[in-house]
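**Q** This is the structure alone, sequence omitted:
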């Protein structure tokens, strides 16, 4: 996740293409916190064909009930969302990561208390990018051995049991960063690669002899190395959208043959929780602060590689990957600080970017089962890529 803040993701359950995998559902979404303050935001979601909001909530150690400010924020989100449902993500500071049984009980109890209050919440994203020390500490023990994967797996299991006991229909989802260095002595960003984090989670799960699953969907962030990188590009270590087959192989090695179904089995799917393609904002520069830090921004529309084509290709690709059930764009509306992210389909003044209509069209295309996966394969090959689905 690109910022540690209360954010919102708008998502829509969409049907899969009949020509690809009949009966599939794809969740297409955008991340943004505006539902907590923007009255009438549901009209934007309706215009785009979107139907769900994902709201993330801060948690502090020992907290088992929402504070008055928490309640006010969620009340506003529910009111502004109208009849639309909510998907919830709860996390705290890295040092607050629940690593003991009492801490896990408090965290999972807090999540459950929110589900009791808000029946609009239909899914829970447990913590955020747990393979990064920016969000979860420690990643490694003092002797350099791995610590975070097993601890995160224990949190997932505890929350799964707590949530399902009172809210059996609520979906429990992971959150993993696309990259990590596997270096306990790194000067910065001490982290696990997705490969090693998944593998060690699987080892811990097997050692626990658990007889129930711990997650319903595998939540994976898939930011590429730049906004101009094509969605289907494959990487050696990182996990992007083009690394779909490799991600599946890691999950199969980790959990295959256990009580935890892997994506594609039963109702379990991969959800691409975050992706984004930053654009230039010259036409609306007066609405932004500071200076752009991303040298690889793309045009909203009209460039050789632009945001409109990137979003269209990414959503179609997610749709055509059989074990994928969700794709979330970061953001709906640009952040005003140019040191942040300008990957929304609306400028900071809430006017649509030229890419807005392309996003709207591809959502409608997926919703009406008109995604042509064979045509997408041809396009990817023509541009020198490998489809991977």
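**A** Structure's in. What do you need? Because the structure is a prediction, the values reported are computed rather than measured.
**Q** residue boundaries of the helices in the stretch 101-250 of the chain?
**A** For the stretch 101-250 of the chain, the helices defined by DSSP state H, counting those that start in this stretch occupy 101-117, 148-166, 194-208, 244-255.
**Q** Can you list the buried residues in stretch 345-357?
**A** Neighbour-count burial for stretch 345-357 flags 345-348, 352-356 (criterion: 16 or more other CB atoms under 10 Å). For every residue, glycine as well, the C-beta is placed using N, CA and C.
**Q** From residue 214, how far out is the closest residue to residue 213 other than its chain neighbours?
**A** Leaving aside its chain neighbours, residue 213 sits nearest to residue 260 (4.7 Å; criterion: CB to CB, 6 or more residues apart in numbering). According to CB to CB, to the nearest Å, residue 260 and residue 214 sit 6 Å apart.
**Q** Show me the one of the helices of the stretch 101-250 of the chain that comes nearest residue 324.
**A** helix 244-255 (7.0 Å; CB to CB).
**Q** rewinding a little: shared neighbours, residue 260 and residue 214?
**A** Counting by CB atoms under 8 Å, 6 or more residues apart in numbering, the shared contacts of residue 260 and residue 214 are residue 205.
**Q** what's residue 245 in contact with, if anything?
**A** Residue 245 touches residue 388, counting by CB under 8 Å, 6+ apart.
**Q** got it, and residue 213?
**A** Taking CB under 8 Å, 6+ apart as the test, what residue 213 contacts is 160, 259-261, 268.
**Q** which intervals of the stretch 51-200 of the chain have sub-threshold pLDDT?
**A** Low-confidence segments of the stretch 51-200 of the chain (pLDDT under 70): 51.
**Q** What ranges does it have for its strands?
**A** Ranges of strands within the stretch 51-200 of the chain are 52-58, 85-91, 121-126, 171-173, based on DSSP state E, counting those that start in this stretch.
**Q** Residue 99 contacts residue 151, correct?
**A** Yes. Contact criterion CB atoms under 8 Å: residue 99 and residue 151 qualify, at 4.8 Å.
**Q** got the buried residues for stretch 228-239?
**A** In terms of neighbour count (16+ other CB under 10 Å), stretch 228-239 has its buried residues at 228-233, 238-239.
**Q** A helix includes residue 344, no?
**A** No. The assignment for residue 344, made by DSSP: H, G, I helix; E, B strand; the rest coil, is coil rather than a helix.
**Q** Please tell me how far the closest residue to it other than its chain neighbours sits from residue 286.
**A** Distance criterion CB to CB, 6+ apart; nearest residue to residue 344, sequence neighbours excluded, is residue 331 at 4.1 Å. In this view, residue 331 and residue 286 are 19 Å apart by CB to CB.
**Q** between those two, which one's more packed in?
**A** residue 331 (28 against 8; other CB atoms under 10 Å).
**Q** What about the residue nearest to residue 213, how many residues nearby?
**A** So residue 260, with other CB under 10 Å, has 24 neighbours.
**Q** For it, give me its contacts.
**A** For residue 260, the contacting residues are 205, 210, 213-215, by CB under 8 Å, 6+ apart.
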